[in-house]
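Novice: Turn this into a model:
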Amino acid sequence: MSTAPTSGIQKYGLIAQSFHWLVALLLVGLLLTNALRTGSAEGSDARMFWLGLHMSFGILVFVLTFARIFWAKIAPPPELVDAPQWSVLAAKSAHMLLNLSTLIIPVFGYLRIASKDIPARFFGLPFPSLVGEQPWLSDVMSILHGPAMAIYLLSLVGLHIAAALWHQYVRKDHALERMLPWSPPGA
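Specialist: This is a model prediction of the structure:
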C-alpha cells in the first residue's frame, strides 16, 4: 500500500466543507431532538417543541443535500486519494448511500406525519399534508422512519467516520484533512 505525499492532495472547497459539516451537525441535532421528543410526556408542549425542531432539522437536511449535490456538479470534488480499487468503490458507494439516505429519510419523516393528516412544520411554518389521513401509510412510515432507520443511519455514518479515521491514521494519506477547514492547503 502506498501512502500519498502531503503535497499535491487537493482539499474540498470551503462551500463543500460547509455543506458536509452542517449536514453532520444537523444529523446530530436530529438524533438529539428525537431522543428529547421521545423522553417527553405524550401530548406535552415539550414533546411538540422537540418534534417541531426535529422536523425543521430534517427539512434543512433535505434541502442542504440537494444543494450539496448541485454544488458538486458546479464545483466537482477533488479526486479520491490513491487507494485500492475496493476502497475506491466502497467510498463511492458509501457517499451515494449517504446522499440518498439524507434525501429519502426526510421524505419518510414527512410522510409519517402527513399520513396522520398533520402538517409538517419548518420553524413554525406549516407544510400541509399532501396525502391526507392514510393509516396504512402511517404504519409503513413508522417502520421506515423509526428506530430501524436510526440504527441504519448511525451505522452508515459510523462506517463513514471509521473510514475517514482509517485513511487519516492508518493509511496516513491525509484524506480526513481534505474536509477540515483548518488544515493547511495541499494537506
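
Novice: Contacts only, for the residue nearest to residue 132 when sequence neighbours are not counted.
Specialist: Spatial nearest neighbour of residue 132, excluding adjacent residues (Cβ to Cβ, 6 or more residues apart in numbering): residue 117 at 5.3 Å. Bear in mind the C-beta positions are built from the backbone N, C-alpha and C, glycine included. Residue 117 is in contact with 129, 132-133, counting by Cβ atoms under 8 Å, 6 or more residues apart in numbering.

Novice: pLDDT at residue 117, what is it?
Specialist: Looking at residue 117, its pLDDT stands at 96.

Novice: State the phi and psi torsions of it.
Specialist: phi 60, psi 40 (degrees, to the nearest 10).

Novice: what about it, distance to residue 54?
Specialist: Here the criterion is Cβ to Cβ, to the nearest Å. By it, residue 117 lies 19 Å from residue 54.

Novice: Give me the nearest residue to the residue sitting nearest the centre point of the chain, chain neighbours excluded.
Specialist: Nearest to the geometric centre of the chain sits residue 102, at 4.6 Å (Cα atoms, centre = their mean). Using Cβ to Cβ, 6+ apart and skipping the chain neighbours, the partner closest in space to residue 102 is residue 65 (4.3 Å).

Novice: who's in contact with the one you found?
Specialist: Contacts of residue 65 by Cβ under 8 Å, 6+ apart are 23, 99, 102-103.

Novice: Where strands are concerned, which of those count?
Specialist: Assigned to strands by DSSP state E, none of those qualify.

Novice: Among those residues, which one lies nearest to residue 13?
Specialist: Distances from residue 13 to the contacts of residue 65, taken as Cβ to Cβ, are shortest for residue 23 (15.5 Å).

Novice: Could I get the contacting residues of the residue nearest to the closest one when sequence neighbours are not counted?
Specialist: Among residues not flanking residue 23 along the chain, residue 64 sits closest, at 5.5 Å (Cβ to Cβ, 6+ apart). By Cβ under 8 Å, 6+ apart, residue 64 lies in contact with 19, 22-23, 26.

Novice: where do the strands sit along this protein?
Specialist: Under DSSP E, the chain gives strands at 120-122, 125-127.

Novice: sorry, back to before: what score does the residue nearest to residue 23 have for pLDDT?
Specialist: 97.

Novice: and residue 94, which of the strands of the chain is closest to it?
Specialist: strand 120-122 (28.6 Å).
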